[in-house]
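S.K.: quick one: sequence plus predicted model below, questions after.
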Amino acid sequence: MTDVDGKIDRLLRAAALAKEEASLDAPFGFDTRVVALWRAKEKAASLGLVRLVRGVALIAVAVAIVAGAGAYREAGQSRESSEPVANEFAIADSAIQDEFLR
Amino acid sequence: MIFIKVFQKLSQFSGKVPLEHWVSRIAVNTCLNQIEAEKARPELRYADLSEEEQAVVENLATSARELAPDERLASRQLVEHLLGLLKPAERLAIDLLYLQGRSVEEIRKITGWSVALIKVRAFRARQKMKDQLAKISVRENL
């Protein structure tokens, strides 16, 4: 083994030991910063979408209330209009029964 | 370097693709750029080394003893510089064989290279590193 062989062997041995000691983490908390920045950006980007969804939901609720009120009113009106008919049926029914009893 | 680039370019992230894909794309591009930069400058000079690395070179030239624990990090950096002058396959051979301490059989399984090819690549890579180290030492009369 020549002198240079010995040098390179010692250098590689020392480097191999240093590799075990070296940390694999990114310096200065870069990974945390990158993820935090990404999350903040994602939140800002999704804010517009959230507002839109909220607006749509409010409009949908308002439409549902109006439609419900309308349906209730309609049902009330039809009930009122069907009551005289029901009375007529009752009168006719009692007249038929009277007729049979005689 | 990759984390710094990710940090700098985060405003360009559109969110159309998963973050992992975007980061891996940056990593690949950074590595390709680094390889191009290494091709443009295939020689290591004594002046390129840090003070600690220069001290390691001097120590290797003047002493036959093992390097001290506090010189390991500089040794590692010096080896990284030397590896930067090698072809990717040779670099891998040195990394697996000497730095990770894997056996030839393990390297054969990892890389799919034949045993002879592993030995040839490791030998050539070692030879290039030796030549480069000798050049640095000679230039500085060490």
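M.R.: Received it, and whenever you're ready, just let me know what you need.
S.K.: return the residues of chain B in contact with chain A.
M.R.: B:3-4, B:6-7, B:10-11, B:13, B:15, B:19, B:56, B:60-61, B:64, B:66-67, B:69, B:71-73, B:75-76, B:78-79, B:94, B:98-101, B:126, B:129-130, B:133-134 (Cβ under 8 Å from any Cβ of the partner chain). Where you see a C-beta, it was placed from the backbone N, CA and C, and this is true even at glycine.
S.K.: so which of those belong to helices?
M.R.: If you go by DSSP state H, these have B:3-4, B:6-7, B:19, B:56, B:60-61, B:72-73, B:75-76, B:78-79, B:94, B:126, B:129-130, B:133-134 in helices.
S.K.: and whatever helix or strand A:G55 lives in, what other elements does it pack with?
M.R.: Per DSSP states H and E, A:G55 falls inside helix A:30-101. Of the remaining helices and strands, those touching helix A:30-101 by 3 or more Cβ pairs under 8 Å, 6 or more residues apart in numbering or on different chains; DSSP states H and E are helix B:2-9.
S.K.: can you give me the angle the helix it packs on makes with helix A:30-101?
M.R.: 60 degrees (axes from the mean of the first three to the mean of the last three Cα atoms, to 10 degrees).
S.K.: so what's the residue count around A:Y72?
M.R.: 10 (other Cβ atoms under 10 Å in any protein chain shown).
S.K.: tell me which residues touch it, please.
M.R.: Listed by Cβ atoms under 8 Å, 6 or more residues apart in numbering or on different chains, A:Y72 has no contact partners.
S.K.: before we move on, the earlier item: pull out the buried members of the ones in helices among the residues of chain B next to chain A.
M.R.: B:3, B:6-7, B:56, B:60-61, B:72-73, B:75-76, B:78-79, B:94, B:126, B:129-130, B:133-134 (16 or more other Cβ atoms under 10 Å in any protein chain shown).
S.K.: so where's the chain shaky on pLDDT?
M.R.: Chain wasn't specified; assuming chain A. Low-confidence segments of chain A, defined by pLDDT under 70, span residues A:1-2, A:19-28, A:42-46, A:80-86.
S.K.: wrong one, chain B
M.R.: B:38-42, B:139-142.
S.K.: any idea how far the residue of it positioned farthest from its centre is from chain A?
M.R.: Centroid-distance maximum for chain B: B:K16 at 35.0 Å, with Cα atoms, centre = their mean. Distance of B:K16 to chain A, given as Cβ to the nearest Cβ, to the nearest Å: 11 Å.
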